[in-house]
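>>> model this:
(one chain, ligands or ions: 1)
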Amino acid sequence: MKKTDLEALLKDMSLEEKIMQLVQVPGSMFEEDAALTGLSDKETLDKFKALAGSTLSIYGVEKLRKIQEEYIANHPHHIPLLFMLDVIHGHKTVMPCPLAQGATFDPEVARNGAKVQAKEAAADGVHVTFSPMADLVRDARWGRVVESTGEDAYLNGKMTASMVEGYQGEDISDPNHVAACVKHFAAYGGSMAGRDYTDVELSEGTLRSQYLPAYEEAIGAGAKLVMTSFNTLNGIPSSGNKWLMRDVLRKDYKFDGVLISDWGAIAEMVNWGFAEEFKDAAAKAMDAGVDIDMCTEVYGGNLAALIKEGKISEDLLDEAVMRVLTLKNDLGLFEDPYHGATKERFDSVVLSEENRAVALDAVRKSLVLLENKNKALPLKKDEKIAFIGPYADNIDLRSSWAISSNPETTVTIKQAAEEAFGKDKEIRFSNGCQLLDNDTVLGFEPYHSDTWEEDNNKLMEEAMETAKWADTVVMCLGEHVFQSGESTSRVDIRIPAVQIELLKKVKEKGKKIITLLFTGRPLVLDDIPEMSDALMICWRPGTEGGHGIMDVLLGEVSPSGKLPMSFPWSVGQEPLNYNCFKTGRPKPTEGNTMFTSRYLDCPNEARYPFGYGLTYSEFEISKCELDKEVLKKSDKADKITATVTVKNVGDVDASQTVQLYIRDMAGSRVRPVRELKGFKRVFLKAKEETKVSFEIKEELIRFWTINNAYESEEGTFEVFIRFDSMTQNSEATSFRLE
Ligand code: GLC
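Purely as a prediction, here's the structure:
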């Protein structure tokens with residue numbers, strides 16, 4: 001529809017019709033088995049159903065076509081309904097969770113995965129996905145780390161911008177694409193105490209330099225929607241934060257798309273004590289520029305009165321409604337309310353070999369090898385191998401956010417192992433123990449089994465027999481799928497105690513032990529590394545998890561993943577991030593010195609640092625060479641080229657991720673000990689070497705200065721190019737900005 005036609009439509013709409021375009025009702029209003037991702041009062045919202053502008057958490061092309069047909073027929077102006085869904089890392093073909101995608105350090109993985117997700121979801125009737133999550137996360141206690149790409153602003157920005165491009169393509173009216181919604185704006189990952197829905201206290205310097213850049217990059221990639229976050233930022237709830245939404249989002253980031261609240265977030269301003277009643281909350285949210293109220297009665301029940309009383313202008317309402325109508329128009333819904341979705345199209349794309357291949361590639365690149373003593377991996381096919389643990393034959397390798405997918409389509413470890421070893425090679429499997437300790441609080445109610453003890457004893461006995469038979473045991477352990485995700489914060493970030501007991505008992509058999517950990521967050525590992533000959537983080541690998549893991553275990557491909565978040569020694573270190581400040585009394589690298597910044601009972605550093613991950617080969621890196629030592633601040637085109645020689649000195653072909661870190665030696669605000677400013681994956685055959693170069697321009701070293709501006713400052717900068725954020729495997733070099 002032309003813009004002039006949209007404007008004419010807006011003019012012709014009644015006040016009620018316009019207000020209802022800003023109301024989103026839960027999918028359960030339209031069908032019983034809608035996914036539930038928030039708390040809503042169905043009775044109250046029922047009156048909004050007929051004219052609500054959008055709904056969420058329902059999918060299924062035939063169902064949605066029928067709902068759309070009826071909705072449009074009953075709507076006074078036949079305006080189409082928007083269908084939104086959390087397609088976070090997979091609709092039917094489930095990619096590795098976003099944290100695992102962060103571990104690939106490969107934006108192409110994020111882009112290709114998002115393309116597959118969009119193709120399947122769009123064919124199933126979905127118009128908008130509530131993804132990517134661009135929240136920077138430093139606290140592994142927070143269950144939603146699983147949905148992030150980790151603790152680094154630079155990595156998060158590259159990954160989330162690529163996801164937006166993958167979801168939206170060139171034109172969101174294309175039936176293979178959906179509109180992307182960047183969330184949770186802003187700084188939800190900084191939630192106090194690592195819990196959901198709490199407060200975030202950040203200086204503007206840290207907010208602008210660390211927490212906001214990934215949102216800006218994802219919005220810069222053209223995201224059509226942004227979602228407000230549940231948290232307060234320095235005492236102001238995001239959904240009522242006019243500075244954040246109008247000055248930063250709309251003005252600084254030039255965002256002119258749809259701003260939707262998170263589930264109930266506008267109403268929750270009353271709980272926060274930021275609004276005395278829903279009417280006050282409605283006024284504050286409209287003033288901040290929030291366009292859609294997700295699943296509450298605040299807008300639907302109060303905007304008409306506020307306008308009649310002159311408390312908010314009808315122009316403000318029209319502005320918001322026009323953004324919603326424009327989104328529907330960009331999707332082409334006025335011409336085709338079904339966005340090209342048909343059963344035939346869905347059947348032709350869902351879980352296709354092409355889609356599975358994209359998922360498989362992502363799994364292979366996401367696995368992070370933390371230990372490999374005496375080259376315990378890759379496995380040799382002549383070993384007597386047993387797979388023991390609750391993930392040895394577990395179909396649920398997704399994250400708790402893969403709400404529209406079917407775990408039955410997952411390739412398990414067992415299936416992949418049987419395929420790989422074939423019928424003539426005996427391998428054995430045992431679940432080994434219960435996945436969870438009894439009475440673990442989980443999801444909507446605690447997990448409990450009256451026969452937990454006897455069942456567990458049986459599993460353990462059988463596992464001991466299996467372990468006795470084997471030469472090599474692959475332990476398949478990890479968190480429960482619902483021990484990460486929304487509302488799953490934990491203060492004990494270890495795998496269940498019963499699984500540690502299983503590992504200890506198997507260890508007593510004296511066999512070679514390969515430990516695989518399935519997790520949606522960094523874990524405290526205690527003595528798991530000491531008990532394992534090899535240790536690999538598998539995250540939540542999704543539909544092709546079994547195949548990807550087996551390919552790496554058998555050496556079809558070397559592991560190449562790198563940690564997107566620091567793994568701590570103790571949960572007491574959380575929040576933990578590599579790019580911290582040196583402090584005025586830095587703890588010396590050796591020893592534990594009085595009057596320095598230290599713990600008496602724990603190292604300061606991560607046990608396994610950001611950017612760390614082994615391959616099956618060995619790599620060397622030369623000292624970094626700079627083609628000049630001065631970068632001109634005044635010349636935006638000026639650049640320094642930093643080059644290293646990387647050599648695969650081992651006997652296995654492998655990929656390595658070369659990482660560029662820069663340290664600003666002094667600034668008008670103190671600066672981190674180092675910051676990731678570039679990364680490149682290089683594939684090298686055994687004994688091959690190559691040069692890897694990075695361009696350093698003035699824009700790369702900007703930060704939020706004392707002038708409250710994002711700018712660079714003259715001075716000295718150290719350059720480290722290495723294979724992770726901590727290991728000193730090459731000398732630093734320095735340059736000056738003048
Ligand atoms: C949830 C989540 C948000 C999600 C939304 C819709 O509460 O916070 O990430 O997109 O509701 O399901």
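>>> I'd say Thr641 and Leu631 touch.
No: shown here, Thr641 and Leu631 do not form a contact pair, counting by Cβ atoms under 8 Å, at 10.8 Å. Heads up, the C-betas are built off the backbone N, CA and C, glycines and all.
>>> Quick check on those two: which one has the bigger neighbour count.
Using other Cβ atoms under 10 Å, the more surrounded residue of Thr641 and Leu631 is Leu631, with 22 against 12.
>>> That one: what's it in contact with?
Each residue near Leu631 by Cβ atoms under 8 Å, 6 or more residues apart in numbering is listed here: Asp638, Lys639, Ile640, Ile696, Lys697, Glu698, Phe735, Arg736, Leu737, Glu738.
>>> Please report phi then psi for the nearest residue to the fourth one once chain neighbours are set aside.
It refers to Ile696. With Cβ to Cβ, 6 or more residues apart in numbering as the criterion, Ile696 has its nearest non-adjacent residue at 4.4 Å, and that residue is Ile640. Per-residue torsions, Ile640: phi -110, psi 130 (degrees, to the nearest 10).
>>> What about Ile640, how many residues nearby?
Residues near Ile640, counting by other Cβ under 10 Å: 22.
>>> helix or strand for the residue lying closest to Arg195 once chain neighbours are set aside, which one?
Spatially, and ignoring its direct neighbours in sequence, Arg195 is nearest to Ser489 (4.6 Å; Cβ to Cβ, 6+ apart). Per DSSP states H and E, Ser489 falls between elements, in no helix or strand.
>>> so who does Ser489 touch?
Listed by Cβ under 8 Å, 6+ apart, the contact partners of Ser489 are Arg141, Trp142, Gly143, Ala193, Gly194, Arg195, Asp196.
>>> and the fourth one, how far is that from Leu563?
Taken as Cβ to Cβ, to the nearest Å, the spacing of Ala193 relative to Leu563 amounts to 23 Å.
>>> which of those two has more neighbours?
Neighbour totals were compared for Ala193 and Leu563, and Leu563 leads with 26 against 13 (other Cβ under 10 Å).
>>> so Gly102 sits in a strand?
No: counting by DSSP: H, G, I helix; E, B strand; the rest coil, one finds Gly102 to be helix, located in no strand.
>>> So what would you say the end-to-end distance of stretch 264-284 is?
Across its full length, stretch 264-284 reaches 14 Å end to end, with Cα to Cα, to the nearest Å as the criterion.
>>> what about Asp361, is that helix, strand or coil?
Taking three-state DSSP as the rule, one finds Asp361 in the helix state.
>>> mind checking the SS state of the residue nearest to it when sequence neighbours are not counted?
Spatially, and ignoring its direct neighbours in sequence, Asp361 is nearest to Val109 (7.0 Å; Cβ to Cβ, 6+ apart). The three-state label given to Val109 by three-state DSSP is helix.
>>> if I read this right, Val109 contacts Arg364, doesn't it?
No: using Cβ under 8 Å, Val109 and Arg364 do not qualify as a contacting pair, with a distance of 9.8 Å.
>>> neighbour-wise, which of those two wins?
Here Val109 and Arg364 are compared on neighbour count by other Cβ under 10 Å; more neighbours surround Val109, at 29 against 26.
>>> Let me know the pLDDT of the residue nearest to Ile696.
pLDDT, Ile640: 98.
>>> got it, and Leu331?
Looking at Leu331, its pLDDT is 98.
>>> Tell me the strands beside the helix or strand containing Leu516, with direction?
With elements delineated by DSSP H and E, Leu516 resides in strand 512-518, which encompasses its position. In its sheet, strand 512-518 lies beside strand 472-478 (parallel), strand 534-537 (parallel), with partners assigned from DSSP bridges.
>>> Now tabulate those in CSV and tack on mean pLDDT, mean neighbour count and distance to the ligand.
Supplementary listing: the strands paired with strand 512-518 in CSV, determined by pLDDT from 0 to 100; neighbours: other Cβ atoms under 10 Å; distance: least, Cβ to the nearest ligand atom, whole Å:
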stretch, mean pLDDT, mean neighbour count, distance to the ligand
strand 472-478, 98, 27, 23
strand 534-537, 99, 26, 24
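>>> Could you export the ones you listed as JSON lines, including distance to Asp318?
Shown next, in JSON lines, are the strands paired with strand 512-518 (distance: least, Cβ to Cβ, whole Å):
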{"stretch": "strand 472-478", "distance to Asp318": "51"}
{"stretch": "strand 534-537", "distance to Asp318": "51"}
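>>> Of all those strands, which one is nearest Val23?
strand 472-478 (40.5 Å; Cβ to Cβ).
>>> interface residues of this structure facing the ligand?
Proximity of the chain to the ligand is confined to Thr37, Gly38, Leu56, Asp86, Phe130, Lys183, Asp262, Trp263, Glu486 under the rule Cβ under 6 Å from any ligand atom.
>>> Determine which two of the residues you listed are furthest apart.
Using Cβ to Cβ, the residues of the chain next to the ligand reach their maximum pairwise distance at Leu56 and Glu486, which is 14.4 Å.
>>> And the two? Which one has more around it.
Leu56 (26 against 20).
>>> How many residues are close by Lys623?
11.
>>> Give the residue spans of this protein that score low on pLDDT.
Low-confidence segments of the chain, defined by pLDDT under 70: 729.
>>> hmm, 90 instead?
Applying pLDDT under 90 to the chain flags the ranges 31-46, 381-382, 423-424, 443-446, 589-592, 727-732.
>>> How about the residue nearest in space to the middle of it: what's its closest non-neighbour residue?
Among the residues of the chain, the one closest to the centroid is Ser148, at 2.4 Å (Cα atoms, centre = their mean). Using Cβ to Cβ, 6+ apart and skipping the chain neighbours, the partner closest in space to Ser148 is Val137 (4.5 Å).
>>> and what of Ser570?
According to Cβ to Cβ, 6+ apart, the nearest residue to Ser570 is Cys602 (4.9 Å).
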